[in-house]
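> Have a look; sequence and predicted model below, questions after that.
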Amino acid sequence: PEEEIEENIAEENRESNQLRPRSFEDYVGQEDVTRSLHIAIEAAIIRGEALDHILFHGPPGLGKTTLSSLIAKAMGVPFQGTTGPALEKGGDLVGILTRMAPGTVLFIDEIHRLPRPVEEILYTAMEDFAIDVVFDKGSAARTFRHRLQTFTLVGATTRAGLLSAPLRDRFGIQRDMDFYTPAELARILERSAKILEIMMTPDAANEIGQRSRGTPRIANRLLKRVRDFAQVRGNGVITVSLAKEALQMEGIDTRGLNRVDRKFLETIRSVYEGGPVGIEAIAATLQMDPETLIDVVEPYLLKEGFLARTPSGRKLTPSGWEASEGS
Ligand code: ADP
């Protein structure tokens, strides 16, 4: 079974690479972000400098990694990606920084999870394109400044609030990624269907788009599940009725909420009388990690107005109450 899981992950990676936009023309939505990036990129090219460091903030699956790779492409520089937790020791980061080609876009996902000593190396690296190496200890200690090639750090985080101020302040460009509209998701789905050679009616694309939690990664995943269903139950063409049936089977309700969303809302209603209740208490009842609830589950429920944050905790709104009772 473990091998099977690994195979599934490998397949998912392969397919998501296949669906990843290769150019800004394919990158749907996020116009506020892309517009300002285009100007910054062009200006950096004119000056012959590396692009300012960039921080993207937003829930997973909204296109932060994709956008970073497009930035590298537009700048004509290499792209290198890693994650905060993967950089365990200072040496891990130094190894990357000292081997990068000039101008490289270094993407660090989950940058709020960088260990502190690693984060501190970033300060001078970002500011002066240098790292200070300390030899010996105590009174004999000497520091030696090692110069680096210029680079652009692109950090992604689900919660900008968890970043320390010194790190946050070193990003010249900071942008929030928004959830996508159903129409934007429908466009992404049409493009993915074309790449995967899936036939789908326009209303089916709209239906899936409406029920994808505003998130391209989820839209693409649901498309594959609906494709399976259409192949087994229909003639392979995704129609709106097949899409509806398949989504219901996947546990996605007509509002686009999944099982975890509903369980979350239901817990607040039935265990905590609609709130207000602290996230830790909800997490304990659901036996889930509070971080996951905050990063992955809550943002969409807040955005869609099912949930409200109050000083004393989370509270169901009238529509959240209704959603928690439905289906
Ligand atoms: P994040 O880094 O924010 O978690 P990714 O960049 O990995 O998100 O995006 C997840 C998937 O969603 C990508 O593989 C891509 O296929 C799709 N995707 C994301 N943003 C867009 C977009 N703006 N237009 C089209 N597809 C997108």
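Arrived safely. Numbers count the residues shown, from 1 in each chain.
> check contacts around the residue of the stretch 1-150 of the chain found nearest the ligand.
Residue nearest to the ligand within the stretch 1-150 of the chain: residue 63 (2.5 Å; C-beta to the nearest ligand atom). Just so you know, the C-beta spots here come from the backbone N, C-alpha and C atoms, and that holds for glycine as well. Contact analysis of residue 63 by C-beta atoms under 8 Å, 6 or more residues apart in numbering lists 21, 27, 30, 177, 216.
> burial of the residue in the stretch 101-250 of the chain positioned nearest to the ligand, as a residue count?
Relative to the ligand, the nearest point of the stretch 101-250 of the chain is residue 216 (3.4 Å; C-beta to the nearest ligand atom). The number of residues packed near residue 216 is 27, by other C-beta atoms under 10 Å.
> Can you tell me which residues in the stretch 201-327 of the chain are near the ligand?
Applying C-beta under 6 Å from any ligand atom, we find that the stretch 201-327 of the chain lies next to the ligand at 216-217, 220.
> ok, now with 8 Å
Proximity of the stretch 201-327 of the chain to the ligand, by C-beta under 8 Å from any ligand atom, involves residues 215-217, 219-220.
> In strands, which of the residues you listed appear?
Among these, no residue falls in strands (DSSP state E).
> Compile those residues into JSON lines and extend it with columns for pLDDT.
Putting those into JSON lines (pLDDT from 0 to 100) gives the following:
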{"residue": "215", "pLDDT": "96"}
{"residue": "216", "pLDDT": "97"}
{"residue": "217", "pLDDT": "95"}
{"residue": "219", "pLDDT": "96"}
{"residue": "220", "pLDDT": "96"}
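> For those residues, name the two members farthest from one another.
Spatial extent of those (C-beta to C-beta) is set by the pair 215 and 220 at 9.3 Å.
> can you tell me which residues contact the residue of the stretch 101-250 of the chain closest to the ligand?
28, 61-63, 180, 185, 188.
> how much space between the closest residue to residue 124 other than its chain neighbours and residue 144?
Using C-beta to C-beta, 6 or more residues apart in numbering and skipping the chain neighbours, the partner closest in space to residue 124 is residue 130 (5.4 Å). Residue 130 sits at a distance of 10 Å from residue 144 (criterion: C-beta to C-beta, to the nearest Å).
> the more surrounded of the two?
Comparing residue 130 with residue 144 by other C-beta under 10 Å, the one with more neighbours is residue 130, at 13 against 9.
> Test my guess that that one contacts residue 148.
Yes - with contact defined as C-beta atoms under 8 Å, residue 130 counts as touching residue 148 (6.0 Å).
> tell me, what's touching the two both at once?
When C-beta under 8 Å, 6+ apart defines a contact, no residue borders residue 130 and residue 148 alike.
> got the buried residues for stretch 253-267?
Going by neighbour count (16 or more other C-beta atoms under 10 Å), the buried part of stretch 253-267 is 253, 255-258, 261-267.
> hmm, I was thinking of stretch 24-33
Using 16+ other C-beta under 10 Å as the test for burial, stretch 24-33 gives 27-30, 33.
> go on, stretch 155-163?
So stretch 155-163, judged by 16+ other C-beta under 10 Å, has buried residues 155-158, 160, 163.
> What about the ligand: which of those touch it?
Among the buried residues of stretch 155-163, the residues that sit close to the ligand (C-beta under 8 Å from any ligand atom) are residue 156.
> Which one of the buried residues of stretch 155-163 is nearest to residue 107?
Closest to residue 107 out of those is residue 156 (7.1 Å), distances taken as C-beta to C-beta.
> wait, is that closest one part of a strand?
Yes - assessed by DSSP: H, G, I helix; E, B strand; the rest coil, residue 156 belongs to a strand.
> count of neighbours near the residue nearest to it when sequence neighbours are not counted?
Spatial nearest neighbour of residue 156, chain neighbours left out: residue 64 (4.1 Å); criterion: C-beta to C-beta, 6+ apart. Residues contacting residue 64 under the criterion other C-beta under 10 Å number 25.
> Check what pLDDT residue 64 gets.
According to the predicted model, the pLDDT of residue 64 comes to 95.
> Run through the residues that contact it.
Neighbouring residues of residue 64 by C-beta under 8 Å, 6+ apart: 56, 58, 109, 156, 177.
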